[in-house]
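[1] sequence below, structure please.
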Amino acid sequence: MDMLIDFPGGARVDAHFGSFTVQTDQPPQAGGEGSAPTPFALFQASLATCAGIYVLNFCRQRGLSSEGIRLVQRTIPDPATNMVGQVELEIQVPADFPEKYHDALVRTASQCTVKKHIEHPPAFSVKTVVAG
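    Below is the predicted model:
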């Protein structure tokens, strides 16, 4: 899938793909207006929402209600690099959610496509091309 990235003003950077536009911005302390999430926040959200899709599908396939289920994601920085050192994902279920499915939810969320791509990263190629 190709994405077109443009710069609509200020510190905003938008990604266009298919019929979608994903807007990003920087917080005011970084020169932006804080009008949209940062690209890194979207990266983090893609992890949690991907796991959420897997949990939702698990429930739907088994006729289980997803009402009251929440995922809480925490990122713990590596003190040596100040980059993300660990990602914790907590699946919160209501008291009446069948206990026999607790471990299966963990295994299901762990199958997230975004997580798998981070665990086995692609090669990157960055280049400049003169348009026209």
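[2] from E67, how far off is Q26?
    Note on Q26: its distance to E67, by Cβ to Cβ, to the nearest Å, is 36 Å. In short, each C-beta sits where N, CA and C put it, glycine included.
[3] actually Q111, sorry about that
    Relative to E67, Q111 is positioned 23 Å away (Cβ to Cβ).
[4] go on, Q86?
    For Q86, the distance to E67 (Cβ to Cβ) stands at 30 Å.
[5] swap in G52?
    Between G52 and E67 the computed distance is 14 Å (Cβ to Cβ).
[6] could you do E88 as well?
    Distance from E88 to E67, by Cβ to Cβ: 24 Å.
[7] quick check: mean pLDDT of the longest helix seen in the chain?
    In the chain, with assignment by DSSP state H, the single longest helix is helix 39-61. Mean pLDDT, helix 39-61: 97.
[8] which element follows it toward the C-terminus?
    Following helix 39-61 in sequence order, the next helix or strand is strand 70-77 (DSSP states H and E).
[9] next one: that following strand to chain centre, how far?
    From the chain centre to the centre of strand 70-77 is a distance of 11 Å (Cα atoms, centre = their mean, to the nearest Å).
[10] pLDDT score assigned to the closest residue to S35 other than its chain neighbours?
    Nearest residue to S35, sequence neighbours excluded (Cβ to Cβ, 6 or more residues apart in numbering): D25, at 4.6 Å. At D25, the pLDDT value in this model is 98.
[11] neighbours around D25, how many?
    D25: 22 surrounding residues under other Cβ atoms under 10 Å.
[12] quick one: contacts for it?
    Going by Cβ atoms under 8 Å, 6 or more residues apart in numbering, D25 touches 10-13, 32-38.
[13] switch the cut-off to 6 Å
    Each residue near D25 by Cβ atoms under 6 Å, 6 or more residues apart in numbering is listed here: 11-12, 32-33, 35-36.
[14] near A51, how many other residues are there?
    Applying other Cβ under 10 Å, I find that A51 has 25 neighbouring residues.
[15] that one and P122: what is the separation?
    In this view, A51 and P122 are 20 Å apart by Cβ to Cβ.
[16] once you drop chain neighbours, what's closest to the residue nearest to the spatial centre of the chain?
    Nearest to the mean C-alpha position of the chain, by Cα atoms, centre = their mean, lies S46 at 1.4 Å. Closest residue to S46 apart from its sequence neighbours, by Cβ to Cβ, 6+ apart: V114 at 5.1 Å.
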